[in-house]
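sequence and predicted structure below; questions after.
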Amino acid sequence: MLLYTFKRLAYIAVILAVMSVLIFWATQVMPGDVAQMIVGQFATDEQIRAVRGRLGLDDPVHVQYLRWAAALLRGDLGVSMMMDRPIGPLIEDAILRSAVLAGVSIVLVAAIGIFLGVYSAVRKGTAADHAVSIGTYFFISVPEFFWAIIVILLFAGYLGWFPATGYAPMSDGFGTWLQHLVLPVATLVSGLVAHVSRLTRSSMIETMQSQYVIAARAKGLPEALVIRRHALRNALVPTITVLAIDVGMLMGGIVVVETVFSYPGLGRLLIFSIEQKDIPMVQAGILTVTAVYAMANLAADLLYAFFNPRIRYGNAVAR
Amino acid sequence: MSVPVLAVSGLSVAYPAALGWLHALEDVSFEVGAGRALGIVGESGSGKSTTALAVLGLLAPEARIERGEALFQGASLFSLPDAERRALRGNRISIVFQDPFGSLNPAIPVGRQIAEPLVLHKGLPEVEAAEEVRRLLAEVGIANPQEIALAYPHQLSGGMKQRALIATALACKPDLLVLDEPTTALDVTIEAQILDLLEQLRRDRGLSMLYITHNLGVVSRICDDVCVLYAGRVVETGSAESLLRRPRHPYTKGLLASLPRVRERKHRLAPIPGRFPDLSAPPPGCIFHPRCHFAIERCASETQVLAAGVRCWRAEELADAAWQAPAETVPDARNTPDTSARALVEVSRLSKTFQLGGLFDGMRLDFSGGFPLKFEAPRVQAVDGVSLSVAPGEVLGLVGESGCGKSTLGRMLIGLIEPSGGSIGIDGGTPRQSARSAQIIFQNPDSSLNPRKTVEAIVGRPLALHGLASGDKLRERVVELLETVRLSSAYLQRYPHQLSGGEKQRVGIARALATSPKFIVCDEVVSALDVSVQAYVLNVLADLRDRLSVAYLFISHDLSVIAHIADRVAVMYRGAIVEEGPVDAVLRPPWHPYTEALLSAIPDLERGAGVQRIRLRGDAVEQGAQGRGCRFQHRCPRKLGAICETETPPVVRAGPGHTIACHIPIEAKAA
């Protein structure tokens, strides 16, 4: 298991290295001259040259990359051009706020999705099953930004239950903090639940027909125990994979939701820095997103191994 | 007489079908006496598994018990409430299913799964249950119960899984043990081990058994009484001995006549013609009459009743009549292969090594020296230096257990797998160059025919591909090919799902014949088929060999099928051929210990006929990498000693064209 984790970490290191090259290259071909952006439209050639020299922009691209990458490895993410502050703390704050949003969302997606999936699998073909299907299909069909607007209009505008936008730190009180989270989380969760519930349903139905479930019934186990002990654990294996993919989709969703709800997280920071052509910030932000995604996949694989002893114990044959 | 453990009477079960109800069981009655074993025999679709599920109360919710009663120790089963039914299951009635690979939950250690009924029905605390599990595992012949109880199912071989499942079924000391084809998914040597175990358990525990199987040989070994099912009806019932020796119902006679036998080689088998009836609209009169040689007009109108143990009103009159081979099978003279001519297929030192997984799968830590992180992809030597030849028109049988490399070898011969070493010559060229003269027929006709293509398109495709025919000619040739495998032109526009298993396999044969090949690899072509259908396909293949002089490499795990059709046999074990020779020589001593074990493992109808019963230890897959010495040393019942562990056995000539790779001297083996 330790070796397995180690292998996966090695994979992630390779992925991040490759991604760093791609990110650096992509930001290089972005239109506009960085030095020009910094010194402003009316600067003299001399000023621009000075800035270019200071930032090392005249060096060959690979030298610039290596300098950037070396700094990264030392934990130095660079300095934001627009805000003129170190990127590290900026991103850290944003990540923490986004992590709250994403974490609460993915937990809810998993809990609601798995519950609905198992519920409709066990009641396959009944009215309840159809109702769940139609409901989840409806939510998955509506795009997030549209949902966000509807939700704001209804719950913030018309009903006035929750604040429409913004973020409140925990120090303002738990209630206030939670109130600001409800609408963005609801928007993020609504679309993703269907992925999990549909997949859990079909994998649960398949598992319920498997030979070992029939064998469990033949032992005389009551149906509730057959489902809980024998079916559920095996049926959840594919669900874990989908949850990891959903973490990726959640990142995309967060950019939209944070923008609509003016939530000061990583997504909004990224959009802002792209608009402002704050290249070091964009690079650091995207690399962070990549790392988070890779780690989510690692977590999924480890969970997968937990549910699937074949990975945990290799193929060692007991004599 | 005491109350029977189980008495089923007049049981009828139906499943909903597209049009009305499918009557899977109709008026089925049987009894299992205390301490006795009843065998329920039938082909696929006969309703034997439905019977087992109905007795256990595990029928699918949509199934309907229309009539009938099942008394368990005198008490009605069907009128019990669900909870009481459940309290019997796994406790006083338990079952072992066919598929040991799927019947264990992959995510739970084996021991905990065996303990479940003990905790549930007997209320044993976990610790005591675990102790009882170890005792049970020891009873079913597992040498290291402690370790196995903690293992996960994927760490066990098929035979050990089935032993663990038998232990689960025995946990609560049931009054009735139902076994639903418990050995069908296992290799023949493992099957023999499990049958030994079941026999021993019967003796030690006085178990009552309901044994469901398609295999008449298994019945003759295990059962006291037999009940033959056909299309959901009991057609004949009686004691195992008299029923197998003097079958009375035409269907039973047909089944026995379809069976290829090792020691009784016939030119043609006598299969049962026709198709299995559609149970949602069964034919009037006797259900078997459309396929029965002895049917007369009255059979088509009068429903038959079970009288004196047989459901046929002509049983007395036909008592001495044997099942006849249908007129269309012409037992013409056997075409002797031309062994003097140049070999058609010439294989020399052929090897295949598979690498498992990618670079990262082979990554491991090793502190024995050098850089501790090592990359070594695990490898499997599937075929290891095999040499063989096939003469024009000759049938070479290749026999071995699953995983021995026989399919890999067959596929290399027609160029589907690239060899890692050695050479193949087919009809004077490489497999690629001789693609037209070398073809293959696969095991599973359900997955080897494209479900979206008609029979005409499937059989016509190789013709068009090789430019052998086009337009009207193409259809003419397809019809001709279908006729060769005894299918009429009515089949042209049918899709695979509209065909029965045997018909599908014949389409597969017609496709292989399209390019007029000289050599066909038959890869387990009859193992997925029922006995009566298998006999039919074997006859078709024998006809082709005789009429068209096609040579076959006939791959099978079933020595009786090989003995029936082949001229020569090669016995394969873990990638290499351990014995090769003419069929008659290989089936008689002297033989390789592995061949001897294979022969003695066949549950035979004729008990105690010649072969001494020897058993192999363990499974073929269990042992580690191929090291030094003889590859069979770990399982060999006749191992000599150190020489078997250190030296590769020499290939010894045992007779004309007969070779054995073994250290034991020929003279000692002949004794």
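That came in fine, so what should we check first?

which parts of the stretch 51-200 of chain B sit against chain A?
With the criterion set to Cβ under 8 Å from any Cβ of the partner chain, the stretch 51-200 of chain B comes near chain A through B:56, B:58, B:86-91, B:94-95, B:97, B:99, B:102-108, B:116-117, B:120-121, B:143-144, B:147-148, B:151-152, B:154-157, B:165, B:168. All C-beta spots, glycine's among them, are computed from the backbone N, C-alpha and C.

show me those that map onto strands.
Among these, the residues falling in strands (DSSP state E) are B:94-95.

ChimeraX command for the buried members of the residues of the stretch 51-200 of chain B next to chain A?
Here is the ChimeraX command that selects the buried residues among those (16 or more other Cβ atoms under 10 Å in any protein chain shown):
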select /B:56,58,86,88,89,90,91,94,95,97,99,102,103,104,105,106,107,108,116,117,120,121,148,151,152,154,155,156,157,165,168
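
quick one, domains of the chain?
Using chain A. Domain segmentation of chain A under automatic domain parsing yields A:2-73, A:93-312.

I was after chain B.
Chain B breaks down by automatic domain parsing into domains covering B:345-434+B:517-661, B:438-514.

gap between the two ends of the first one?
Across domain B:345-434+B:517-661, the straight-line distance between its terminal residues is 22 Å, by Cα to Cα, to the nearest Å.

low-confidence regions, the chain specifically.
If you meant another chain, say so; for now it's chain A. Applying pLDDT under 70 to chain A flags the ranges A:1, A:30-34, A:311-319.

switch to chain B, that's the one I care about
Residue ranges of chain B with pLDDT under 70: B:1, B:263-266, B:325-341, B:356-377, B:604-612, B:618-627, B:669-671.

how about the domains of chain A, which one is nearest chain B?
Between chain B and these, the shortest separation by Cβ to the nearest Cβ is 3.5 Å, and it involves domain A:93-312.

the closest one and chain B in contact?
Yes. Interface with chain B: domain A:93-312 contributes A:210-212, A:214-222, A:229-230, A:233-234, A:307-310 (Cβ under 8 Å from any Cβ).

make a ChimeraX selection of the buried ones in the residues you listed.
Of the residues of domain A:93-312 next to chain B, the buried ones go into a single ChimeraX selection, burial set by 16+ other Cβ under 10 Å:
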select /A:210,211,212,214,215,216,217,218,219,220,221,229,230,233,234,307,308,309
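
can you tell me the helix or strand for residue 130?
Reading this off chain A. Here A:H130 sits within helix A:127-141, counting by DSSP states H and E.

right idea, wrong chain: chain B
Using DSSP H and E, B:A130 maps to helix B:126-139.

which other helices and strands contact the helix holding A:H130?
When contacts are defined as 3 or more Cβ pairs under 8 Å, 6 or more residues apart in numbering or on different chains; DSSP states H and E, helix A:127-141 packs onto helix A:87-122, helix A:174-208.

report the angle between the longest one and helix A:127-141.
Put simply, helix A:87-122 runs at 150 degrees to helix A:127-141, going by axes from the mean of the first three to the mean of the last three Cα atoms, to 10 degrees.

stretch B:650-663: end-to-end distance?
This stretch, stretch B:650-663, spans 7 Å end to end (Cα to Cα).

for that stretch, which outside residues touch it?
Residues from elsewhere that reach stretch B:650-663 (Cβ atoms under 8 Å, 6 or more residues apart in numbering or on different chains): B:568, B:576-582, B:585-586, B:590-593, B:630, B:640, B:643-644, B:647, B:649, B:666, B:669.

ok so, going back, could you list which of the residues of domain A:93-312 next to chain B belong to helices?
A:211-212, A:214-218, A:233-234, A:307, A:309-310 (DSSP state H).

which of the helices or strands spans the residue nearest to B:A18 when sequence neighbours are not counted?
Leaving aside its sequence neighbours, B:A18 sits nearest to B:S280 (Cβ to Cβ, 6 or more residues apart in numbering or on different chains; 7.6 Å). Counting by DSSP H and E, no helix or strand carries B:S280.

distance of B:S280 from B:D180?
Separation of B:S280 from B:D180 (Cβ to Cβ, to the nearest Å): 24 Å.

same thing with B:Q304?
Distance of B:Q304 to B:D180, computed by Cβ to Cβ: 27 Å.

B:V347 now?
Plainly put, B:V347 is 41 Å away from B:D180 if you go by Cβ to Cβ.

just B:S351 next, same as before
To B:D180, B:S351 is 41 Å away according to Cβ to Cβ.

so those two - more neighbours on which side?
When neighbours are counted by other Cβ atoms under 10 Å in any protein chain shown, B:D180 comes out ahead of the other of B:S351 and B:D180, with 22 against 18.

most neighbours per residue, which of the domains of chain A?
Of all the domains of chain A, domain A:93-312 carries the top mean neighbour count, a mean of 18, counting by mean count of other Cβ atoms under 10 Å in any protein chain shown.

can you classify residue 68 by secondary structure?
You didn't say which chain, so I picked chain A. A:W68 carries the three-state label helix when classified by DSSP: H, G, I helix; E, B strand; the rest coil.

the chain in question should be chain B.
Taking three-state DSSP as the rule, one finds B:G68 in the strand state.

skipping its backbone neighbours, what lies nearest it in space?
Nearest non-adjacent residue to B:G68, counting by Cβ to Cβ, 6+ apart: B:L11, 3.4 Å away.

list the contacts for residue 296?
No chain in the question, so chain A it is. A:A296 is in contact with A:244, A:247-248, counting by Cβ under 8 Å, 6+ apart.

switch to chain B, please.
For B:I296, the contact set (Cβ under 8 Å, 6+ apart) comprises B:R314.

helix or strand for the residue nearest to A:L303 when sequence neighbours are not counted, which one?
Spatial nearest neighbour of A:L303, excluding adjacent residues (Cβ to Cβ, 6+ apart): A:I240 at 5.1 Å. Using DSSP H and E, A:I240 sits in helix A:232-260.

need the next SSE after that helix, C-terminal direction.
For helix A:232-260, the following helix or strand on the C-terminal side (DSSP H and E) is helix A:266-275.

quick one: contacts of that following helix?
Identification of contacts with helix A:266-275 by Cβ under 8 Å, 6+ apart yields A:80, A:82, A:90-91, A:94-95, A:97-98, A:251, A:254-259, A:262, A:278, A:281-282, A:285-286, A:288-289.

with stretch B:430-437 instead?
Contacts to stretch B:430-437, defined as Cβ under 8 Å, 6+ apart, come from residues B:412-415, B:424, B:426-428, B:438, B:466, B:515-519.

related to what we said a few turns ago, among the contacts of stretch B:650-663, which ones are buried?
B:568, B:576-581, B:585-586, B:590-593, B:630, B:640, B:644, B:649, B:669.

go through those residues and flag which are in strands.
Residues of the buried ones among the contacts of stretch B:650-663 located in strands (DSSP E): B:568, B:576-581.

hmm, which two among those residues are most spread apart?
Farthest apart among those by Cβ to Cβ are B:R568 and B:A576. That separation is 16.8 Å.

so residue 14 is in which element?
Since you didn't name a chain, this refers to chain A. helix A:2-28.

chain B was what I was after
Using DSSP H and E, B:A14 maps to strand B:6-16.

now do that strand: which elements does it pack against?
With contacts taken as 3+ Cβ pairs under 8 Å, 6+ apart, strand B:6-16 sits against strand B:21-32, helix B:48-56, strand B:64-72.

need the contact list for the residue nearest to B:R86 when sequence neighbours are not counted.
Nearest non-adjacent residue to B:R86, counting by Cβ to Cβ, 6+ apart: A:G220, 4.8 Å away. Going by Cβ under 8 Å, 6+ apart, A:G220 touches B:86-91, B:117, B:120-121.
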